[in-house]
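>>> Quick one, structure for this:
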Amino acid sequence: MPEDSIDHIDFDDLRDRAISQPIVEHIYTADPSAHVFDGRIYIYPSHDVESDVPFDDLGSHFAMEDYHVISMDSVDGPATDHGVALHVDDVEWAERQMWAPDAHEKDGKYYLFFPAKDYDGIFRIGVAVSDSPVGPFVAQPAAIKGSFSIDPAVYRDHGGEYYMYFGGIWGGQLQRWREGVYRADGEGPLAHLPADDEPALCPKVARMTDDLLEFAEEPRDLVILDEEGAPLLQGDNDRRFFEAAWMHYYQGKYYFSYSTGDTHYICYAMGDSPYGPFTYAGRILEPVVGWTSHHSICEVDGRWYLFYHDSSLSEGVTHLRSIKVAEITYDEEGRIETLQPYRE
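Sure, this is the predicted structure:
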């Protein structure tokens, strides 16, 4: 929710009613991508910092410049901040705004996937590599060829293939790539968006090369369908994709989850292939305090958890968020039970 709508909130009461508390409180963190490597939980969040950049609908005030890695032995245990794992000054091609990252492991190497704006102000996606899940990570000298937009999430399928899911509208620039090239014309976040009665912009998916450093194919649309089998429309703000792609697999089904952005829901769709198509299935998380909502889903010791963020610690400041975790459950049909972030 916008900062101008929080004046009535009693934040002490809100924190008491929250279903989970911040995992760390000494820094602000957001957009948590969680994985289990060798039995330990590792979280790769954005690192929110104070910014004198004015608030706008392009997210310019989200001026993050580095990444920390947070680890835990268990979801209810203490968290360790392993310090700066990668800084924008150490990325040759990147100028600013190191937004939501993800990470993965292959053959004893750890790969950090991250978006940042290049020196032309265009979001690209880069890769950095380490021998340790906590870094430090060394960035490749150039962004992934053919990459664009934001919010990379890398999923390893049962056969050992790795897929990257990515994209975000408004400040994430996905709408500026509708014709396959970047369109710099038009001002504001709504420039080049489809009309409300047109199919919604789709997140993108691409299989990765064996070394996880490039796309093995041209990114393609990941289509989300309604219950009648038609693509969701751009004006369907409560269900259509906005940002925060994530993929997980549960009992024979692929679950693609994402944020609806300006309506503040975490939703999901189900399919039979990592490429889709996916059919909209419901909400995972109702709106949290703070304009953004971004998450990951991770299995830990046979139970499933939603890692997410809110702005309760910063008392509603949208660019100063805190990562949290809550358990999710599935019904007999594999539907995810919707979470209310705050108890009544």
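>>> Please make it C-alpha for all contacts and neighbour counts, starting now.
OK.
>>> and the residue lying closest to residue 45 once chain neighbours are set aside, helix, strand or coil?
Nearest in space to residue 45, with sequence neighbours left out and distances taken as Cα to Cα, 6 or more residues apart in numbering, is residue 32 at 4.2 Å. Three-state assignment for residue 32 (DSSP: H, G, I helix; E, B strand; the rest coil): strand.
>>> Verify the contact between residue 32 and residue 295 for me.
Yes. Shown here, residue 32 and residue 295 form a contact pair, counting by Cα atoms under 8 Å, at 5.8 Å.
>>> Now for the two: what residues contact both?
With contacts taken as Cα atoms under 8 Å, 6 or more residues apart in numbering, residue 32 and residue 295 have 307, 308, 309 as neighbours in common.
>>> Scan the residues you listed and report the most crowded one.
Within the shared contacts of residue 32 and residue 295, residue 309 tops the neighbour count with 30 neighbours, counted by other Cα atoms under 10 Å.
>>> From what I see, that one and residue 322 are in contact.
Yes. Assessed by Cα under 8 Å, residue 309 is found in contact with residue 322 at 5.2 Å.
>>> where does residue 294 land in three-state SS?
Under three-state DSSP, residue 294 falls in the coil class.
>>> How about it, nearest residue that isn't a chain neighbour?
For residue 294, ignoring the flanking residues on the chain, the nearest one in space by Cα to Cα, 6+ apart is residue 31 at 5.0 Å.
>>> still on that earlier bit, and for residue 309 and residue 322, which residues touch both?
Common neighbours of residue 309 and residue 322, counting by Cα under 8 Å, 6+ apart, are 22, 29, 30.
>>> Nearest to residue 87 among those?
The shortest gap between residue 87 and any of the shared contacts of residue 309 and residue 322 belongs to residue 29, at 15.0 Å (Cα to Cα).
>>> Now do the buried residues in the helix or strand containing the closest one.
Assigned by DSSP states H and E, residue 29 belongs to strand 28-37. Neighbour-count burial for strand 28-37, counted by 16 or more other Cα atoms under 10 Å, picks out 28, 29, 30, 31, 32, 33, 34, 35, 36.
>>> okay, the first one: pLDDT?
Put plainly, it is residue 28. Here the pLDDT value assigned to residue 28 is 98.
>>> Over to the fifth one?
Taken from the predicted model, the pLDDT recorded for residue 32 is 98.
>>> for it, what are its contacts?
Residue 32 makes contact with 43, 44, 45, 46, 100, 294, 295, 296, 307, 308, 309, 323, according to Cα under 8 Å, 6+ apart.
>>> ok, of those, which come out buried?
Counted by 16+ other Cα under 10 Å, the contacts of residue 32 give 43, 44, 45, 46, 100, 294, 295, 296, 307, 308, 309, 323 as buried.
>>> Out of the residues you listed, flag the one nearest to residue 79.
Using Cα to Cα, the buried ones among the contacts of residue 32 come closest to residue 79 at residue 43, 9.7 Å.
>>> For the closest residue to that closest one other than its chain neighbours, list the residues it contacts.
Nearest non-adjacent residue to residue 43, counting by Cα to Cα, 6+ apart: residue 34, 4.4 Å away. Shown in contact with residue 34 (Cα under 8 Å, 6+ apart): 41, 42, 43, 44, 296, 297, 298, 307.
>>> so what secondary structure elements neighbour whichever strand or helix holds the last one?
In this structure, residue 307 is located in strand 303-310 according to DSSP H and E. In this structure, strand 303-310 packs against strand 28-37, strand 296-300, strand 322-328, with contacts taken as 3 or more Cα pairs under 8 Å, 6 or more residues apart in numbering; DSSP states H and E.
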